[in-house]
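1. How does the following fold in three dimensions:
(one chain, ligands or ions: 3)
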Amino acid sequence: MSESRNVVIVTGIPGVGKTTVINTAVEICKQKHGEDVLVLNFGTEMFEVASKAGQVKNRDEMRKMPTSQQRDNQRLAGQAIAEKARKAKVIVDTHTLIQTNNGYLIGLPEWVVRAIQPKTVVLIEADSEKIAGRRSSDETRTRDSQAISDIQIHQEMCRAAAISVGTLTGATVRRIMNREGKVEEAAAELAQTLME
Ligand code: ATP
Ligand code: AMP
Ligand code: MG
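-> Numbering: from 1, shown residues only. Ligands and ions are numbered 1, 2, ... in the order given. A predicted model of the protein is given here:
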């Protein structure tokens, strides 16, 4: 295995604050360390594939598609991400489990992570009630409604999925709490992982 891994995969359930924490961490790396970090969003890569094929009109429709189609698009997106990730410092913004109409689709199956070879998988977590609040107050997206108890279970299952990625690739697994109103704190932890 390579000793010079450069990719940090950032995961967590929808609305937990992945993209927000990533953007702040990238800013910290730039301002404090003069380091540029390339952010690759897995959903954006998949949306490019799905929209070109006329399958969807927005990114939140993708998880409603037949799972076989999602898996095909996921494979193509994974290849594109692995190709683009050959830079100095890279974050992949993605999910470990996607809630579909037929159960959870594994976001980081073996063939995706083997190509990416992450150095660390970061699992962003937050209080389940706060996640429900963040989802409902974010008008930029169409997020599924989920009972607080289901959000809790979804987060627990993501822990297992994140550990599986570590088991498959040898990546470290880091849990970061994104506390309400404390994006800077979570971002500082993520920046530390990026600069390690
Ligand atoms: P998705 O998986 O759907 O892309 P995400 O995990 O990337 O979701 P964001 O889009 O970053 O989540 O954040 C969801 C909402 O929560 C946004 O409106 C964002 O401003 C808000 N938010 C993020 N972090 C916090 C925080 N620590 N405190 C309060 N609000 C937050
Ligand atoms: P996001 O903006 O991170 O919520 O991503 C948008 C959508 O892309 C998600 O709701 C999923 O449908 C899809 N997606 C993101 N990452 C993955 C992945 N690793 N595997 C399968 N689908 C994904
Ligand atoms: Mg996001």
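
2. So which bits of this protein are right by ligand 1?
-> Taking CB under 6 Å from any ligand atom as the contact definition, the chain meets ligand 1 at 12, 14-20, 134, 138, 141, 143, 178-183. All C-beta atoms are positioned from the backbone trio N, CA, C, and that covers glycine.

3. 5 Å instead?
-> 14-20, 134, 138, 178, 180-181, 183 (CB under 5 Å from any ligand atom).

4. ok, the residue lying closest to residue 29 once chain neighbours are set aside - contacts?
-> Excluding the flanking residues, the one nearest residue 29 by CB to CB, 6 or more residues apart in numbering is residue 35, at 4.5 Å. Applying CB atoms under 8 Å, 6 or more residues apart in numbering to residue 35 gives the contacts 29, 88-89, 194-195.

5. In this structure, which residue sits closest to ligand 3?
-> Residue of the chain nearest ligand 3, by CB to the ion: residue 19 (3.3 Å).

6. Not counting sequence-adjacent ones, nearest residue to that residue?
-> residue 93 (5.9 Å).

7. next one: residue 96
-> Residue 96 sits nearest to residue 161 (CB to CB, 6+ apart), 3.6 Å away.

8. Please identify the buried residues of the strand or helix carrying that neighbour?
-> Using DSSP states H and E, residue 161 maps to helix 148-169. Using 16 or more other CB atoms under 10 Å as the test for burial, helix 148-169 gives 151, 154-155, 158, 161-162, 164-166, 169.

9. pLDDT score for the most centrally placed residue in the chain?
-> Closest residue to the average C-alpha location of the chain: residue 94 at 2.1 Å, with CA atoms, centre = their mean. We note a pLDDT of 98 for residue 94 in this prediction.
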